[in-house]
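Engineer: Sequence plus predicted model, see below.
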2 protein chains.
Amino acid sequence: MRLQKAEPRAEPKADMRRRQVIDAAAECFRREGFHGTSIARISQAAGMSSGHIYHYFDSKETIVEAIVKQEEGDFSELLQLLARDEADGDFLDTLYRLMDDLLNRILDPQRVALMLEIASEAARNPRVAAMLQESDRRLVQQFAALAEARGETAIAAVDDPESRVRLEIFALLLSGLTLRSVYSPAIDRPRIARSIKAVLTILWRPTA
Amino acid sequence: MRLQKAEPRAEPKADMRRRQVIDAAAECFRREGFHGTSIARISQAAGMSSGHIYHYFDSKETIVEAIVKQEEGDFSELLQLLARDEADGDFLDTLYRLMDDLLNRILDPQRVALMLEIASEAARNPRVAAMLQESDRRLVQQFAALAEARGETAIAAVDDPESRVRLEIFALLLSGLTLRSVYSPAIDRPRIARSIKAVLTILWRPTA
């Protein structure tokens, strides 16, 4: 299954400009790091004056916030696919059908570089940390709500510590892939996907 | 069980100087990022002239290499404890006794900030990536050799893809903890430790 993107719409000019800034900033953060990137540098990369950039974003942090929302939107889109899957089988079967898409998305080297840069900024910058944490909370909630709608009671209650930890193990495996792709790039995707499935089947179906 | 450090020895003066540079650089990388840190800045933080620093390290990358070796040494020390554990039980029991030490070490915020910074540098700098990958290879080899010595055949053969993926799932969970500690800092350590144990028991003991 492939991620079906919505048909491209004509974006209003302001949205196009914002996106131009976000893309240029993302490229600068990847290449030179968040701290090594000034608004002047982003302005150069975007081919736009600094004043113009400040019209859309009041700081580098606000640009990071837009990047984090974009990343959240991408995963949220995958979750929408999960919700709409009409094929046979239960929630785990549906999740397994999405696994390749999920791994490809997570292991995309451009994404890895950008998200590691933002995560390391978050480790020293409480504003950026708060953005990541709120975004994560929303995605976990969305995933749990989806699980509940499909009768997956073992992972549906985000406030129940046991349910939460079952979700967290899945999150650890996915985050682990992001970081490990730097340490061990020759990852065996099909085998890893199978093992993740095995782990989820066992942890989320303790009585199976 | 606590990590028993070797008794401190008197370090030769050159080693002390090197350590002084490494500590100052680590602090700069954490606070301002690898790209935001110049040798001049490290020299200021270490209270040493730039010329003096170049006497020990020919570039920022060489300092990163020393930091990566230090991190490898810390984990290697934990593995030594694993090798020396004389108490009852098998390899997994021994590993479980070390789990709290391991999680405390991995989740140390200073370590997280530094390792995320180095990983994001690795995502754009092939020299740094090669250092992380070689270090990781050595640690995986050491762990697998230890497993073999204790008769843990399911994870002992690093060249066997199935054995390798069983090790890799453990590595994903540990790396996931590093990255997730930024996204979801209120992690439930005892429950996560229990779940990791459950995963290993099932994956590494398929016939149990």
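Structural biologist: Done, it's in. Numbers count the residues shown, from 1 in each chain, chains lettered A, B, ... in the order given.
Engineer: so what are the domain limits for chain A?
Structural biologist: Listed by automatic domain parsing, the domain ranges of chain A are A:10-58, A:60-204.
Engineer: right, and those - which one's nearest B:Tyr56?
Structural biologist: domain A:10-58 (24.2 Å; Cβ to Cβ). Every C-beta, even on glycine, is put in place using the N, C-alpha and C of the backbone.
Engineer: which stretches of chain A have low pLDDT?
Structural biologist: Filtered on pLDDT under 70, chain A yields the residue ranges A:1-10, A:206-208.
Engineer: now do 90
Structural biologist: The model of chain A has pLDDT under 90 over residues A:1-14, A:35-36, A:81-94, A:96-97, A:148-162, A:186-187, A:198, A:201-208.
Engineer: Grab the most central residue of it for me.
Structural biologist: A:Glu71 (4.4 Å; Cα atoms, centre = their mean).
Engineer: Tabulate the domains of chain A in CSV, adding columns for distance to chain B.
Structural biologist: Below are these laid out as CSV (distance: least, Cβ to the nearest Cβ, whole Å):
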stretch, distance to chain B
domain A:10-58, 3
domain A:60-204, 3
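Engineer: what would the ones you listed look like in JSON lines with distance to B:Arg189?
Structural biologist: Below are the domains of chain A laid out as JSON lines (distance: least, Cβ to Cβ, whole Å):
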{"stretch": "domain A:10-58", "distance to B:Arg189": "29"}
{"stretch": "domain A:60-204", "distance to B:Arg189": "10"}
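Engineer: between those, which one is nearest to B:Glu61?
Structural biologist: Comparing the domains of chain A by Cβ to Cβ, domain A:10-58 comes nearest, at 14.5 Å.
Engineer: Now do the strands in chain A.
Structural biologist: Counting by DSSP state E, chain A forms no strands at all.
Engineer: need the helices for chain A, in chain order.
Structural biologist: Taking DSSP state H, the helices of chain A run over residues A:13-32, A:39-46, A:50-56, A:60-84, A:91-107, A:109-122, A:126-149, A:161-183, A:189-204.
Engineer: With respect to burial, which of those scores highest?
Structural biologist: helix A:109-122 (a mean of 23; mean count of other Cβ atoms under 10 Å in any protein chain shown).
Engineer: Can you name every helix or strand that that helix contacts?
Structural biologist: On a contact count with 3 or more Cβ pairs under 8 Å, 6 or more residues apart in numbering or on different chains; DSSP states H and E, helix A:109-122 meets helix A:13-32, helix A:60-84, helix A:126-149, helix A:161-183, helix B:109-122, helix B:161-183.
Engineer: so A:Val135 touches A:Asp74, yeah?
Structural biologist: Actually, residue A:135 is Ser. It isn't Val. No: contact criterion Cβ atoms under 8 Å: A:Ser135 and A:Asp74 do not qualify, at 11.3 Å.
Engineer: To B:Leu92, which of the domains of chain A lies closest?
Structural biologist: For B:Leu92, the closest of the domains of chain A is domain A:60-204, at 15.9 Å, according to Cβ to Cβ.
Engineer: Just the terminal-to-terminal distance for the closest one.
Structural biologist: 40 Å (Cα to Cα, to the nearest Å).
Engineer: A:Leu114 and A:Arg137: what is the separation?
Structural biologist: A:Leu114 is 21 Å from A:Arg137, where distance means Cβ to Cβ, to the nearest Å.
Engineer: now swap in A:Val158 and tell me
Structural biologist: 9 Å.
Engineer: swap in A:Ile63?
Structural biologist: Distance from A:Ile63 to A:Arg137, counting by Cβ to Cβ: 21 Å.
Engineer: same check, this time on A:Ser175
Structural biologist: 15 Å.
Engineer: cool, A:Ala123 as well?
Structural biologist: When distances are taken as Cβ to Cβ, A:Ala123 and A:Arg137 turn out to be 18 Å apart.
Engineer: Likewise for A:Asp93?
Structural biologist: Taking Cβ to Cβ, one finds A:Asp93 at 27 Å from A:Arg137.
Engineer: cool, and A:Asn104?
Structural biologist: 25 Å.
Engineer: Ok, A:Arg194 next?
Structural biologist: Taking Cβ to Cβ, one finds A:Arg194 at 30 Å from A:Arg137.
Engineer: what's the answer for A:Leu92, then?
Structural biologist: For A:Leu92, the distance to A:Arg137 - Cβ to Cβ - is 23 Å.
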